[in-house]
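Q: Sequence first, predicted model second:
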Amino acid sequence: MKPLITIGKKWLEQPIEERNKIFKETLYGRYMAKYDEEMLDEFFIYWAYFEEGDRTMRFEEIKNKKFHIGRRLGTWSIGYKKKKSRLKAFNRGKRTIDMSNITNWTNKGDDSYDERL
C-alpha cells in the first residue's frame with residue numbers, strides 16, 4: 001500500500017468502485033494508528049466523492065496526477081484540529097438554563113409585575 005497514488009491510464013482503467021476500495025484500504029490501513037478515525041472518515045468522504053455515472057473521484061481530478069495521501073493528511077489534520085478546538089470553545093461557552101423552577105411565564109400573580117402596568 002503506497003501512500004502515493006499515481007493517476008494514470010492504467011489506474012483509471014479499473015472500475016471506480018475498485019479504485020475507491022483501494023483508496024480506502026490504503027488510507028485506513030496505513031494511517032489509522034496516526035490519525036483520529038473521525039478525521040480519516042471526513043478525509044475519505046471528501047476526497048473519494050463521486051456520483052453515479054462519474055468516471056473519476058475528487059482526488060483523481062487533481063492537476064499533477066499524483067496524490068500523496070500522507071502529505072494531504074498532514075494538511076488536512078491542521079484544519080481538522082483547528083475546527084475541533086473552535087467547536088470545543090463554542091460548546092464550552094454554551095450555558096444551560098434550569099427551567100424546572102419556572103412555573104409561569106406570564107408573571108401572573110407577581111405583584112411587582114402588576115404594579116409596573
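A: Received the coordinates, thanks. Numbering: from 1, shown residues only.

Q: When you work out contacts or count neighbours from here on, use the C-alpha atoms and nothing else.
A: OK.

Q: and Ile5, what are its bridge partners?
A: Per DSSP bridges, residues listed as beta-bridge partners of Ile5: Phe67.

Q: can I assume His7 is in contact with Lys65?
A: Not His; residue 7 is Ile. Yes - taking contacts as Cα atoms under 8 Å, Ile7 lies within contact range of Lys65: 5.0 Å.

Q: if you count what's nearby, which of these two comes out ahead?
A: Ile7 (16 against 13; other Cα atoms under 10 Å).

Q: Distance-wise, check the more buried one relative to Glu61.
A: Distance from Ile7 to Glu61, counting by Cα to Cα, to the nearest Å: 9 Å.

Q: go on, Glu38?
A: Where Glu61 is concerned, Glu38 sits at a distance of 24 Å (Cα to Cα).

Q: Which residue of the two possesses the greater neighbour count?
A: It is Glu61, of Glu38 and Glu61, that has more neighbours when counted by other Cα under 10 Å, with 13 against 10.
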